[in-house]
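Visitor: Provided below for reference: sequence and predicted model.
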Amino acid sequence: MKFFIDTANLEQIKEAQALGVLDGVTTNPSLMAKEGITGEKNILQHYVDICNNVTGDVSAEVIATDYDSIIKEGEALAKLHAQIVVKVPMIKDGIKAIRYFYDKGIKTNCTLVFSAGQALLAAKAGATYVSPFIGRLEDISSDGLNLIDEIRLIYDNYNFNTQILAASVRHTMHVLDCAKIGADVMTGPLSAIVGLLKHPLTDSGLAKFLEDHKKGN
Ligand code: E4P
């Protein structure tokens, strides 16, 4: 299972990269705004900075919502860096654009996916990644993990190459549940990745080992 970090915060991206378990980054317009990155020039430069600090795929989302503009914006994003994946919303013009990018060999991440039908369409169009949003479904009392399960079944039935990128992951249990179901990738905050480290028995066990070692020396 690949681990992506879901942030535009360069320090957190560097910290996850330094841990040695990071496979990529996802961003979205809200995450960019949260870091105070505004204006086209700054936003494009920030994508390049992120790419220069990680080894894997970096999703950069288009703002355009009509076909011609999505193509123009997506091609410009793809030209920024070899690691850029063009993130396209699950709308009709987005699906058409994903097919265009597929034919051009440009990687895509179909975002804002909330149903198995949407995920099927994204795979048919040739999306590299599909992003079902677990946390946001749970926010409205829907079963986000069941959606991952359904998409896994459908993709396996037909050997679709599209990777399931479990998104809107909020905590460590989401990461584990997605791993059990067989999501190809999860994207979440640094806390969800680092949180996997923690167990009280590890801490108390280590303290005891160190204490006993001191006694013996
Ligand atoms: C997906 O790529 C999105 O950036 C993200 O996972 C959304 O997460 P949120 O629902 O916590 O905002």
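Guide: It's in.

Visitor: next up, phi/psi of the most centrally placed residue in the chain, please.
Guide: The centre of the chain sits closest to T187, judged by CA atoms, centre = their mean, with a distance of 3.7 Å. Backbone torsions for T187, taken as degrees, to the nearest 10, come to phi -120, psi 130.

Visitor: gap between the residue nearest to it when sequence neighbours are not counted and N161?
Guide: Nearest non-adjacent residue to T187, counting by CB to CB, 6 or more residues apart in numbering: F4, 3.8 Å away. C-beta: built from backbone N, CA, C; applies to glycine. F4 sits 18 Å away from N161, going by CB to CB, to the nearest Å.

Visitor: one more: D184?
Guide: D184 sits at a distance of 10 Å from N161 (criterion: CB to CB).

Visitor: repeat for C110
Guide: Going from C110 to N161 by CB to CB gives 13 Å.

Visitor: comparing the two, which residue is more hemmed in?
Guide: Counted by other CB atoms under 10 Å, C110 and N161 do not tie: C110 has more neighbours, with 30 against 9.

Visitor: show me what that one is bridged to.
Guide: Beta-bridge partners for C110, by DSSP bridges, are V88, V130.

Visitor: so it touches A122, yeah?
Guide: Yes - C110 lies in contact with A122 (CB atoms under 8 Å); the separation is 3.8 Å.

Visitor: what do these two both touch?
Guide: Jointly contacting C110 and A122 under the rule CB atoms under 8 Å, 6 or more residues apart in numbering are M90, I95, I98, V130.

Visitor: from the residues you listed, which would you call buried?
Guide: The neighbour count (16 or more other CB atoms under 10 Å) marks M90, I95, I98, V130 as buried among the shared contacts of C110 and A122.

Visitor: in TSV: these, plus pLDDT, distance to the ligand and secondary structure.
Guide: As requested, the buried ones among the shared contacts of C110 and A122 are arranged in TSV below (pLDDT from 0 to 100; distance: CB to the nearest ligand atom, whole Å; DSSP: H, G, I helix; E, B strand; the rest coil):
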residue	pLDDT	distance to the ligand	secondary structure
M90	98	12	coil
I95	98	17	helix
I98	98	15	helix
V130	98	11	strand
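
Visitor: which two of the residues you listed have the greatest separation?
Guide: Greatest spatial distance in these: I95 and V130, 11.4 Å, computed using CB to CB.

Visitor: shared neighbours, those two?
Guide: Contact with both I95 and V130 is made by residues C110, A122, according to CB under 8 Å, 6+ apart.

Visitor: what about the helices in the protein?
Guide: For the chain, applying DSSP state H gives helices covering 10-19, 29-34, 40-51, 67-80, 92-104, 116-125, 134-139, 144-158, 172-181, 190-194, 200-216.

Visitor: any idea which of those helices gets closest to E61?
Guide: Set against E61 and scored by CB to CB, these come closest in helix 29-34, at 6.0 Å.

Visitor: if you count neighbours, what's buried in that closest one?
Guide: Residues of helix 29-34 classed as buried: L31, M32 (neighbour count, 16+ other CB under 10 Å).

Visitor: burial count for the closest residue to I37 other than its chain neighbours?
Guide: In this structure, I37 finds its nearest non-sequential neighbour in H46, 4.9 Å apart by CB to CB, 6+ apart. If you count neighbours by other CB under 10 Å, H46 ends up with 17.

Visitor: fine, thanks again, bye for now.
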